[in-house]
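Undergrad: here is a sequence together with a model predicted from it:
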Amino acid sequence: MASLLLTIADADEGESYVEPLRSAGFEVTLCTSSMTTLAKTRKLKPDVIALGDDLPDATGFDLADSVHQMRVAIRR
């Protein structure tokens, strides 16, 4: 089963995506901030990361860049 880290600011909205994604075969972890996403990415090493663009502590684009830099550093 592929793991998916879903990052979306509104927890209730995020929960509405969890069950359909699980039904599609993903193991889903929901995050509501960039700090949580970075910590969970380090710990879980998900196959897929889906990012919202309206996070309380960063934009989705900034978070995507941080995750990319972190993953490149881990590979070295």
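TA: Structure received. Nothing here was measured: the structure is a model prediction, and the numbers come from that model.
Undergrad: tell me the mean pLDDT over the one helix or strand I49 maps to?
TA: Per DSSP states H and E, I49 falls inside strand 48-51. Averaged across strand 48-51, pLDDT comes to 94.
Undergrad: after that strand, next one along is what?
TA: helix 60-75.
Undergrad: just the CA trace of that next one, in PDB.
TA: This file holds the C-alpha atoms of helix 60-75, laid out as PDB (Å, rounded to 0.1, in the frame of the first residue of the first chain):
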ATOM      1  CA  GLY A  60       2.400  25.100  -0.400                       C
ATOM      2  CA  PHE A  61       5.100  26.100  -2.800                       C
ATOM      3  CA  ASP A  62       7.500  27.000   0.100                       C
ATOM      4  CA  LEU A  63       6.700  23.700   1.800                       C
ATOM      5  CA  ALA A  64       7.300  21.800  -1.400                       C
ATOM      6  CA  ASP A  65      10.700  23.400  -1.800                       C
ATOM      7  CA  SER A  66      11.600  22.500   1.800                       C
ATOM      8  CA  VAL A  67      10.500  18.900   1.400                       C
ATOM      9  CA  HIS A  68      12.500  18.600  -1.800                       C
ATOM     10  CA  GLN A  69      15.600  20.100  -0.200                       C
ATOM     11  CA  MET A  70      15.200  17.700   2.800                       C
ATOM     12  CA  ARG A  71      14.800  14.600   0.600                       C
ATOM     13  CA  VAL A  72      17.800  15.600  -1.500                       C
ATOM     14  CA  ALA A  73      19.900  16.000   1.700                       C
ATOM     15  CA  ILE A  74      18.700  12.600   3.000                       C
ATOM     16  CA  ARG A  75      19.800  10.800  -0.200                       C
END
